[in-house]
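> Predicted model and sequence below, questions to follow.
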Amino acid sequence: MTEINAQSQQTLDSLLTKLGAKKLDTSGTKSYKSTLGQEDFLKLMTAQLSNQDPFQPQSNDQMIAQMAQFSTVSGITQLNATMSGIQSTISDNRIATAANFVGKTVLVPGNVALPDDAGAISGAVDLPSDATGLTLQITKENGELVKSIDLGSNNAGLVGFDWDGKDARGNKIGAPRYYVKATMTAAGKQSAAATDVYAPITEATVGTSTADQQFKVAGIGKVNLTDIKSFKY
């Protein structure tokens with residue numbers, strides 16, 4: 001038994017030497033590699049061929065399978081490196097794209113409309129179904145009605161509206177903000193309809209690559225990129 005153990009240890013030591021591994025040092029601390037690279041794989045394959053039983057050599061299929069496994073691992077490593085580079089590029093493009101949005105006027109869900117330089121507001125009503133009648137009311141912050149617009153009958157979808165910010169006499173009202181409310185008529189019944197308003201993007205948030213791109217829209221607050229329905233230049 002002792003002789004067999006000694007032979008086994010000698011064979012193992014020879015194999016470890018060819019692989020570049022070190023024995024237990026005098027301090028009792030092991031020295032070893034945490035990862036194996038292509039050079040280590042070739043050493044391992046050479047050692048395996050040198051120490052195989054000549055009467056039962058490794059088959060070609062086994063050799064090909066081992067080489068295929070190493071090629072797969074190597075390919076995955078290269079793919080990970082490539083994807084990391086692509087992710088870095090996407091992050092840079094994400095920042096540049098977000099910056100380009102600042103100052104653009106977009107259509108987003110909301111009922112608070114800020115007038116433009118001419119005092120006008122614009123937006124859309126989002127009809128969930130066809131409507132035989134549609135009315136838009138525009139009020140000041142104190143609830144005072146300043147304009148009522150009859151948009152008539154419309155099919156389901158976005159129905160745009162514009163108001164120049166003037167009263168019936170053509171005078172500018174000049175309020176700092178307005179509230180819009182839409183009422184639709186369908187099948188003889190009235191119900192509220194969602195509204196969208198055009199407003200400028202004042203800030204772009206640069207988050208992680210997996211987070212939704214967010215913007216701060218004047219009068220509305222934070223909105224996701226997917227909430228933007230239209231752009232106005």
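Thanks, I have the structure now. Quantities reported herein were computed from a predicted structural model and do not represent experimental measurements.
> who's residue 192 bridged to?
residue 183 (DSSP bridges).
> What strand or helix carries residue 47?
For residue 47, the host element (DSSP states H and E) is helix 38-50.
> Is there a neighbour count for the closest residue to residue 186 other than its chain neighbours? I'd like the number.
Distances taken as Cβ to Cβ, 6 or more residues apart in numbering put residue 131 closest to residue 186, at 5.1 Å, once the chain neighbours are dropped. Quick note: C-beta positions are derived from backbone N, CA and C, even for glycine. Other residues near residue 131 come to 25 when the count uses other Cβ atoms under 10 Å.
> Run through the bridge partners of residue 131.
Beta bridges link residue 131 to residue 154, judged by DSSP bridges.
> quick one, domains of this structure?
Split into domains by automatic domain parsing, the chain comes to 1-21+34-53, 105-232.
> weakest of those in terms of mean pLDDT?
Among those, domain 1-21+34-53 has the lowest mean pLDDT, at a mean of 62.
> How about stretch 109-127, which residues are buried there?
109-115, 121-127 (16 or more other Cβ atoms under 10 Å).
> would you turn these into CSV with distance to residue 159?
Output for the buried residues of stretch 109-127, formatted as CSV (distance: Cβ to Cβ, whole Å):
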residue, distance to residue 159
109, 14
110, 16
111, 15
112, 19
113, 15
114, 21
115, 21
121, 15
122, 12
123, 10
124, 6
125, 5
126, 8
127, 6
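> farthest pair in those residues?
Maximum pairwise distance among the buried residues of stretch 109-127 (Cβ to Cβ): 24.7 Å, between 115 and 127.
> residue contacts, residue 184?
Taking Cβ atoms under 8 Å, 6 or more residues apart in numbering as the criterion, residue 184 is in contact with 125, 127, 131, 133-134, 190-193.
> can you check residue 165 too?
115, 118-121, 172-174.
> need the helices for the protein, in chain order.
Applying DSSP state H to the chain gives helices spanning 2-19, 38-50, 60-101.
> Could you export the contacts of residue 184 as a markdown table, including distance to residue 80?
Converted to a markdown table, those look like this (distance: Cβ to Cβ, whole Å):
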| residue | distance to residue 80 |
| --- | --- |
| 125 | 49 |
| 127 | 48 |
| 131 | 54 |
| 133 | 59 |
| 134 | 55 |
| 190 | 59 |
| 191 | 54 |
| 192 | 52 |
| 193 | 50 |
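> Of these, which is the nearest to residue 213?
For those, the nearest to residue 213 is residue 125 (26.0 Å; Cβ to Cβ).
> Mind listing the residues bridging to that closest one?
So, taking DSSP bridges as the rule, residue 125 has residue 159, residue 195 as bridge partners.
> right, and it touches residue 161 too?
Yes: under the criterion of Cβ atoms under 8 Å, residue 125 makes contact with residue 161 at 6.8 Å.
> Give me the common contacts of the two.
136, 151.
> Filter the contacts of residue 165 down to the ones in strands?
The members of the contacts of residue 165 that map onto strands under DSSP state E are residue 121.
> Now for residue 135: which residues touch it?
So residue 135 contacts 148-151, 182-183 (Cβ under 8 Å, 6+ apart).
> repeat that with 6 Å
By Cβ atoms under 6 Å, 6 or more residues apart in numbering, the residues touching residue 135 are 150, 183.
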